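1. how does the following fold in three dimensions:
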Amino acid sequence: MFSLKKIVFFALLITLTTLLSIFCKTANKVIAEQVKADFDQQLTEFQNMVDQTLFKAVQNRNEKAIKQSFLQARAKYKELEYYIEYFFPSTAVMLNGAPIDEIELGENLIEHPTGFQVMEEIIYEEPTKENRLELLNEIKKMQLNLQRVSRFNAQYQLTDAQLFDAIRLEIFRITSLGITGFDTPNALQSIPETIFALKGIDRVLEKYDESQVHQTIASAIAYLEKNSDFNTFDRLTFITQYLDPISKKISLLRLKKDIATAASGSALRDEAVSMFQPNAFNVDKFVGNSTLFISDAKIVLGKALFNDPVLSNGGNRSCASCHHQAKAFTDGLTKPIGIKTGETLLRNTPTLRYAGLQRGFFYDLKAGTLEDQALDVVHHKQEMNGSLTLAAERINTAKRYQALFQKAYQDKAGKADPWKIQHALASYIRSLSPFSSRFDRYMQGDQKQLGADEKKGFNLFMGKAKCGSCHFAPLFNGTPAPLFHKSEAEVLGVPATADTIKPQLDNDLGRYALYHYPQYKHAFKTSTLRNITKTAPYMHNGVYKTLEQVIDFYNRGGGAGMGIKVDNQTLAADKLNLSKTEIKQIIAFLGALEDLP
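-> Numbers count the residues shown, from 1 in each chain. Okay, here's the model as predicted:
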């Protein structure tokens with residue numbers, strides 16, 4: 001039995017704990033309001049830089065002042081990037097989005113790019129009267145967009161959870177995009193601009209009175225100041241010894257301050273503190289709704305269907321006929337063999353590894369979900385020449401499938417239907433993302449997993465070679481961090497043959513064959529580079545047999561750099577000037593992306 005004194009003691013303890021929690025949450029709310037007010041002040045400074053310094057420099061045609069004021073304005077944007085990207089993502093695209101047209105399919109709407117990246121292209125080309133007028137116009141657009149941010153922010157009510165999530169995602173953005181030159185390909189200011197991005201984060205965290213995080217950020221900034229050269233910067237060290245530790249300490253601070261995780265818009269788990277940690281991704285965030293969520297039973301069923309020729313009307317072809325597990329679910333052919341003898345399909349067989357962690361499927365991105373992909377492949381006359389309706393009838397006569405369907409869909413009858421078949425296949429493919437490579441193990445703390453050439457290869461990949469500005473870490477496909485909300489296609493100018501003397505553009509029109517926008521001519525999905533050592537030959541047409549050939553193609557500046565006329569090439573046509581040693585080091589790193597059993 002409890003004594004009266006003990007009862008009173010516990011009551012007081014509970015009351016004190018409750019009051020302390022209320023006090024902390026009230027104090028945190030005050031901090032969130034302070035952060036918002038500080039952002040307003042910083043935004044005003046940013047607006048003045050654009051309105052006064054940059055605008056006047058362009059008006060006066062002072063080229064030195066134009067570059068100087070442009071870089072100062074970009075640095076201020078980076079300081080505010082965590083906030084703008086999180087709370088105003090649509091406006092962030094107009095302030096610092098990629099310099100390519102955004103096309104809204106079905107609405108016949110083309111959004112032309114604007115913002116810093118467009119300005120950078122103009123500023124770093126030969127100045128003319130025309131392009132300086134174009135630059136003034138871009139500045140006017142930015143002025144309007146900054147005014148929009150100011151108006152929206154006045155109406156916004158932010159929380160501590162959102163602030164910590166915004167900061168968490170900014171660390172991931174720096175890791176995957178910020179230090180690669182993704183948004184400053186001409187000025188190559190990635191490293192100094194990262195200093196300002198970290199300072200912006202630090203301004204917020206200082207208000208939570210946490211010296212340990214501040215010290216770690218200060219150390220990271222000191223490292224950046226000492227190692228500012230874009231081509232030689234050691235990104236691997238910076239990520240593992242500075243950015244990841246910062247992220248972990250921020251997570252501990254959030255817990256210490258009793259701040260909940262936010263329901264993030266990222267495909268990473270809300271509690272993830274590193275993009276490289278085990279189970280960082282929530283595969284269910286890549287699907288539309290809870291009816292598509294993955295389960296072990298669906299995976300088992302999907303694997304059985306994947307390997308069963310029952311899906312084809314002829315009973316002679318399964319998904320595994322073209323997607324061999326030993327070859328990372330490719331087939332090793334230039335182009336796959338069709339149903340009919342002597343017939344080949346249009347494009348090279350892509351890997352299914354990590355296919356579940358993207359937003360578009362097939363080289364032309366014609367399918368929006370894995371379920372749609374399964375439907376297309378089964379019904380395709382050259383691939384499986386099947387019918388999901390007829391396949392369901394055949395499956396329902398096989399007793400071994402009844403229990404599998406019962407368990408997967410809690411269906412007493414255990415009956416197959418077209419939708420369940422599609423979804424089971426999709427669930428199996430969603431399970432093919434093990435993150436078990438030596439690179440993953442290194443990033444998770446096993447420093448013995450990578451050799452010197454592999455480390456140098458990663459740094460080249462993310463830096464001088466600019467591979468990481470299209471094949472985004474950690475997926476190394478065209479689905480960019482930190483949200484992973486879209487998958488990109490690029491125009492590379494891939495040739496029809498491996499001839500480098502008189503190259504000819506491959507005649508496959510890519511996305512343009514489906515959607516007649518000139519921007520889509522010869523555009524193809526950016527595939528993952530994980531397990532690339534197993535997936536030769538390469539490119540949509542299988543034109544290159546070795547990784548040396550692939551990197552040589554990029555080293556020359558793609559098709560345009562080789563002399564092919566590709567007016568809409570999105571890959572920079574500039575030569576990369578990679579040495580033979582550097583190419584070998586990049587290939588060594590790519591080998592470290594091969595999944596292990």
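2. going forward, measure contacts and count neighbours with C-alpha atoms only.
-> Noted.
3. where does the prediction get shaky in this structure?
-> Applying pLDDT under 70 to the predicted model, the residue ranges of the chain that meet it are 1-29.
4. nearest spatial neighbour of the spatially most central residue of the chain, skipping sequence neighbours?
-> Within the chain, one residue has its C-alpha closest to the average C-alpha position: by C-alpha atoms, centre = their mean, that is residue 480, at 1.6 Å. The shortest distance from residue 480 to any non-neighbouring residue, by C-alpha to C-alpha, 6 or more residues apart in numbering, is to residue 472 (5.5 Å).
5. same question, residue 42
-> The shortest distance from residue 42 to any residue that is not its chain neighbour, by C-alpha to C-alpha, 6+ apart, is 7.7 Å, and that residue is residue 80.
6. and that neighbour, that's in a helix?
-> Yes. Assignment of residue 80 by DSSP: H, G, I helix; E, B strand; the rest coil places it within a helix.
7. how many neighbouring residues does it have?
-> Residue 80 has 21 neighbours, counted by other C-alpha atoms under 10 Å.
8. and the strands in this protein?
-> Listed in chain order, the strands of the chain (DSSP state E) span 102-104, 109-111, 489-491, 523-525.
9. the second one packs against which elements?
-> By that I understand strand 109-111. In terms of contacts (3 or more C-alpha pairs under 8 Å, 6 or more residues apart in numbering; DSSP states H and E), strand 109-111 is packed against strand 102-104.
10. need the contact list for residue 456.
-> 585-586, 589 (C-alpha atoms under 8 Å, 6 or more residues apart in numbering).
11. ok, of the residues you listed, which one's closest to residue 206?
-> The shortest gap between residue 206 and any of those belongs to residue 589, at 38.0 Å (C-alpha to C-alpha).
12. so who does the nearest residue to residue 277 once chain neighbours are set aside touch?
-> The spatially closest residue to residue 277, leaving aside those adjacent along the chain, is residue 444, at 5.9 Å (C-alpha to C-alpha, 6+ apart). Contacts for residue 444 were tallied using C-alpha under 8 Å, 6+ apart; they are 276-278.
13. of those, which is the most crowded?
-> The most neighbours of any of the contacts of residue 444, using other C-alpha under 10 Å, belong to residue 276, which has 22 neighbours.
14. just checking, that one touches residue 474?
-> Yes. When contacts are counted by C-alpha atoms under 8 Å, residue 276 is listed as touching residue 474 (6.8 Å).
15. and stretch 363-373, end to end?
-> Here the two ends of stretch 363-373 are set 11 Å apart, with distance taken as C-alpha to C-alpha, to the nearest Å.
16. got the buried residues for that stretch?
-> Taking 16 or more other C-alpha atoms under 10 Å as the basis for neighbour counts, the residues of stretch 363-373 that come out buried are 363-365, 367, 369-373.
17. ok, stretch 74-83 next?
-> Here stretch 74-83 shows 74-83 as buried, counting by 16+ other C-alpha under 10 Å.
18. ok, now stretch 510-525?
-> 510-512, 519-525.
19. ok, the nearest residue to residue 332 once chain neighbours are set aside - contacts?
-> Among residues not flanking residue 332 along the chain, residue 536 sits closest, at 5.9 Å (C-alpha to C-alpha, 6+ apart). Contact criterion C-alpha under 8 Å, 6+ apart gives 332-333, 542, 544-546 as the residues in contact with residue 536.
20. what's the ChimeraX syntax to select whichever of those are buried?
-> To isolate the buried members of these in ChimeraX, using 16+ other C-alpha under 10 Å:
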select :332,333,542,544,545
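21. show me the contacts for the residue nearest to residue 480.
-> With contact taken as C-alpha under 8 Å, 6+ apart, residue 472 is in contact with 176-177, 478-481.
22. how about residue 515?
-> Counting by C-alpha under 8 Å, 6+ apart, residue 515 has no contacts.
23. can you check residue 139 too?
-> Counting by C-alpha under 8 Å, 6+ apart, residue 139 makes contact with 50-51, 55, 115.
24. do residue 158 as well
-> The contact partners of residue 158, taken as C-alpha under 8 Å, 6+ apart, are 32-33, 36.
25. go again using 7 Å as the cut-off
-> By C-alpha atoms under 7 Å, 6 or more residues apart in numbering, the contact set of residue 158 is residue 32.
26. equivalent analysis for the one 10 residues further on, please.
-> For residue 168, the residues meeting the contact criterion (C-alpha under 7 Å, 6+ apart) are residue 247.
27. again, but for residue 586
-> When contacts are counted by C-alpha under 7 Å, 6+ apart, residue 586 is found next to 457-458, 460-461.
28. residue 497 too?
-> Counting by C-alpha under 7 Å, 6+ apart, residue 497 makes contact with residue 543.
29. dump the buried residues of stretch 363-373 to a markdown table, plus distance to residue 407.
-> Output for the buried residues of stretch 363-373, formatted as a markdown table (distance: C-alpha to C-alpha, whole Å):
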| residue | distance to residue 407 |
| --- | --- |
| 363 | 34 |
| 364 | 35 |
| 365 | 32 |
| 367 | 28 |
| 369 | 23 |
| 370 | 21 |
| 371 | 20 |
| 372 | 23 |
| 373 | 24 |
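30. number of residues surrounding residue 145?
-> Other residues lying near residue 145 total 17 when counted by other C-alpha under 10 Å.
31. what is the burial count for residue 388?
-> By other C-alpha under 10 Å, 23 other residues sit near residue 388.
32. swap that for residue 238, sorry
-> 17.
33. picking up where we left off before, quickly compare the strands of the chain and say which is most buried.
-> Comparing these by mean neighbour count (mean count of other C-alpha atoms under 10 Å), strand 523-525 ranks first with a mean of 24.
34. tell me how far that strand lies from the chain's centre.
-> Mean-position distance between strand 523-525 and its chain equals 16 Å (C-alpha atoms, centre = their mean, to the nearest Å).
35. which elements pack onto it?
-> The contact analysis (3 or more C-alpha pairs under 7 Å, 6 or more residues apart in numbering; DSSP states H and E) places strand 523-525 against strand 489-491.
36. between the contacts of residue 586, which is closest to residue 433?
-> Distances from those to residue 433 were compared by C-alpha to C-alpha; the smallest belongs to residue 458, at 20.5 Å.
37. that closest one and residue 75, how far apart?
-> Separation of residue 458 from residue 75 (C-alpha to C-alpha): 26 Å.
38. please apply the same query to residue 330.
-> Using C-alpha to C-alpha, which is the criterion applied here, residue 330 is 44 Å from residue 75.
39. same check, this time on residue 460
-> Distance from residue 460 to residue 75, counting by C-alpha to C-alpha: 24 Å.
40. circling back: which residues does the residue nearest to residue 480 form a beta bridge with?
-> Partner residues in beta bridges with residue 472: residue 477, with DSSP bridges as the criterion.
41. so which residues of the stretch 351-500 of the chain form helices?
-> Assigned by DSSP state H, counting those that start in this stretch, the stretch 351-500 of the chain shows helices spanning 370-379, 388-395, 399-409, 418-430, 438-443, 452-462.
42. could these go into CSV alongside distance to residue 241?
-> Below are the helices of the stretch 351-500 of the chain laid out as CSV (distance: least, C-alpha to C-alpha, whole Å):
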stretch, distance to residue 241
helix 370-379, 37
helix 388-395, 51
helix 399-409, 43
helix 418-430, 31
helix 438-443, 10
helix 452-462, 14
